[in-house]
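Trainee: Fold the stuff below for me.
(chains A and B)
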Amino acid sequence: DQQVKQNSPSLSVQEGRISILNCDYTNSMFDYFLWYKKYPAEGPTFLISISSIKDKNEDGRFTVFLNKSAKHLSLHIVPSQPGDSAVYFCAAPTSRGGSEKLVFGKGTKLTVNP
Amino acid sequence: KAGVTQTPRYLIKTRGQQVTLSCSPISGHRSVSWYQQTPGQGLQFLFEYFSETQRNKGNFPGRFSGRQFSNSRSEMNVSTLELGDSALYLCASSLGQVQNSPLHFGNGTRLTVT
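Mentor: The predicted structure follows:
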């Protein structure tokens, strides 16, 4: 049962254009979401997050939008740069007895072409 | 501040053997989590430790175990290795709740079982 889904395994965009990465979730109890970026041979690094009390959070070139009614969030990168080429994971925390774990989507590989 | 350190970076083992992976969290982080990344299943939660106690465990067989030491360093052990255990094993540390302190990941240990 995949609670967080990233239906596009890959995305290719031209440098300078917008990249839009999508993520859907099924668990309506999720109230916080994170995006991680992962380069080959490195661990995931935290990129940006959003709380369910907001519908948008922006950090420089990165903006995350949340549509709670559709259980959908998206990450926008504007303008895209070749260094943004990486795998992007959407994730949501779940709690049990004070312990949290992240539930991840399977990732979208973004390629930004010069 | 040093990041999360995982050793070794690469391991090759034979079916039936056992393996121990090590993780040193960021200084001051008392929560350590382990995740398995495979191409088919993505990133999946193994377990979480806090103050030497396992607080949460994912859906993995008992062959997967771990522990945390008083200095917050953690180890995970996989016994009776199977081919399907080949994966990237990621350790992450945090100060507390994800909303206040996102998980910081190490670069992982790439385990190959032959």
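Trainee: B:Leu106 touches B:Tyr89, doesn't it?
Mentor: Rather than Leu, residue B:106 is Gly. No - contact criterion Cβ atoms under 8 Å: B:Gly106 and B:Tyr89 do not qualify, at 9.4 Å. All C-beta spots, glycine's among them, are computed from the backbone N, C-alpha and C.
Trainee: So what does A:Asp84 have for phi and psi?
Mentor: phi -80, psi -10 (degrees, to the nearest 10).
Trainee: And the helices in chain A?
Mentor: Remark: no helices are assigned in chain A by DSSP state H.
Trainee: What ranges in it fall below the confidence cut-off?
Mentor: Low-confidence segments of chain A (pLDDT under 70): A:1.
Trainee: How about the contacts made by the residue lying farthest from the centre of it?
Mentor: Using Cα atoms, centre = their mean, the residue of chain A lying farthest from its centre is A:Gly97. It sits 26.1 Å away. Contacts for A:Gly97 (Cβ atoms under 8 Å, 6 or more residues apart in numbering or on different chains) come out as B:55-56.
Trainee: what bridges to B:His104?
Mentor: B:Ser93 (DSSP bridges).
Trainee: sorry, that was for B:Cys23
Mentor: Applying DSSP bridges to B:Cys23 gives these bridge partners: B:Gln6, B:Ser74.
Trainee: That one: neighbour count?
Mentor: When neighbours are counted by other Cβ atoms under 10 Å in any protein chain shown, B:Cys23 registers 27.
Trainee: joint contacts of B:Gly106 and B:Tyr89?
Mentor: B:Gln6.
Trainee: any weak-confidence spans in chain B?
Mentor: B:1.
Trainee: what residues does it put near chain A?
Mentor: B:4, B:33, B:35, B:41-45, B:48, B:50, B:55-56, B:58, B:90, B:92, B:97-99, B:102-108 (Cβ under 8 Å from any Cβ of the partner chain).
Trainee: Quick one: buried ones out of the residues you listed?
Mentor: For the residues of chain B next to chain A, a neighbour count by 16 or more other Cβ atoms under 10 Å in any protein chain shown gives the buried set as B:4, B:33, B:35, B:42-45, B:48, B:50, B:55-56, B:90, B:92, B:98, B:102-108.
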